[in-house]
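J.: Model the structure of this input:
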Amino acid sequence: MIDVQNQSDHRNIGIDKVGVKDIRYPVTVMDRSNGVQHTVASINMYVNLPRHFKGAHMSRFIEILNEFHGNLDIREFSNVLLALQEHLQAESAHMEMTFPYFIRKLSPVTESAGLMEYRCRVSGSLSGKDGAYDLVVEVNVPISTVCPCSKEISDHGAHNQRGLVRLAVRFKRFIWIEDLIHLVENAASCEVYSVLKRPDEKYVTESAYNNPKFVEDVVRDIAFELKNDHNIRWFMVDVENFESIHNHSAYACIERTQSVPIGFMPMDHSPPVRVEKPPRKAI
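T.: Here you go, the predicted model:
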């Protein structure tokens with residue numbers, strides 16, 4: 001049969017990214033308490049398309065993903081990207097994986113257990129013949145804040161609201177999702193819980209009131225901790241407060257690239273050595 005995608009294109013223009021989006025797929029995530037956690041991700045996969053190809057073979061993205069079924073986690077990212085490069089004759093390959101991550105969390109006073117959901121994202125790319133590998137891990141963490149200004153000027157109480165912190169990092173050595181979440185929650189006026197009894201509500205309300213934070217405070221506190229962490233190569237953190245008395249959100253963002261300190265040995269970011277597997281069927 002005629003392979004239309006491999007036919008030449010007269011416009012002579014390469015495409016930066018072409019592929020498939022929003023594939024719902026089971027994945028495995030490293031879990032510090034339980035070893036692994038099984039969840040369902042939304043996956044995007046792309047490659048660059050050289051100017052002389054008319055199109056990309058979209059079915060190959062799904063076939064490659066299926067080859068890693070049951071073994072798809074962050075440790076296999078570089079291998080998936082390498083397979084994309086090889087089978088789609090591309091110079092660069094990209095994959096993004098967004099998924100819910102659950103942590104069993106106890107309420108602060110009664111220790112009532114509940115599952116907290118955190119939206120997470122892992123994105124990776126493999127570029128060029130030298131195999132330059134890039135990996136970014138992102139967590140989205142709900143928080144609670146109390147407005148310092150409102151507390152200062154009010155005779156009774158202060159307005160508070162839920163917020164959302166988005167933290168993305170590049171790192172030298174493996175980092176736990178739980179550690180990133182813990183770092184964010186420590187910077188809030190108070191954490192958010194899935195289950196609260198009345199003694200817990202009293203504790204949460206009073207703790208937040210005694211620890212007021214602007215979005216500027218939250219984003220700076222997180223950035224301060226990350227700037228002192230030699231494992232972090234780059235970070236981006238932003239905070240959005242869904243204001244309870246204003247018809248707008250409050251927002252702050254910090255992005256930094258970190259230098260490697262003298263005497264600190266960075267991790268080799270080349271793709272992991274591929275484990276020999278049975279030959280693939282022709283795609």
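
J.: What secondary structure category should be reported for residue 76?
T.: Secondary structure state of residue 76, per DSSP: H, G, I helix; E, B strand; the rest coil, is helix.

J.: mind checking how far it is from residue 29?
T.: Remark: distance between residue 76 and residue 29 (C-beta to C-beta, to the nearest Å) = 12 Å. Quick note: C-beta positions are derived from backbone N, CA and C, even for glycine.

J.: ok, these two, which is more surrounded?
T.: The neighbour comparison of residue 76 against residue 29 (other C-beta atoms under 10 Å) goes to residue 29, with 20 against 17.

J.: quick one: that one and residue 37 touch, right?
T.: Yes - with contacts counted by C-beta atoms under 8 Å, residue 29 reaches residue 37, the gap being 4.8 Å.

J.: what touches both of these two?
T.: Here residue 29 and residue 37 share the contacting residues residue 101, scored by C-beta atoms under 8 Å, 6 or more residues apart in numbering.

J.: what's the longest strand anywhere in the chain in contact with?
T.: In the chain, with assignment by DSSP state E, the single longest strand is strand 15-31. Residues from elsewhere that reach strand 15-31 (C-beta under 8 Å, 6+ apart): 36-49, 55-56, 58, 61-62, 65, 69, 71-74, 94, 97, 99, 101, 120, 174, 176-177.

J.: If we go by neighbour counts, what in that strand is buried?
T.: By 16 or more other C-beta atoms under 10 Å, the buried positions in strand 15-31 come out as 15, 18-20, 25, 27-31.

J.: In a markdown table, list these along with distance to residue 126 and pLDDT.
T.: As requested, those are exported to a markdown table (distance: C-beta to C-beta, whole Å; pLDDT from 0 to 100):
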| residue | distance to residue 126 | pLDDT |
| --- | --- | --- |
| 15 | 17 | 89 |
| 18 | 16 | 93 |
| 19 | 13 | 93 |
| 20 | 17 | 95 |
| 25 | 19 | 94 |
| 27 | 18 | 92 |
| 28 | 20 | 90 |
| 29 | 21 | 92 |
| 30 | 21 | 91 |
| 31 | 26 | 93 |
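
J.: State the pair within those residues that is farthest apart.
T.: 15 and 31 (37.5 Å; C-beta to C-beta).
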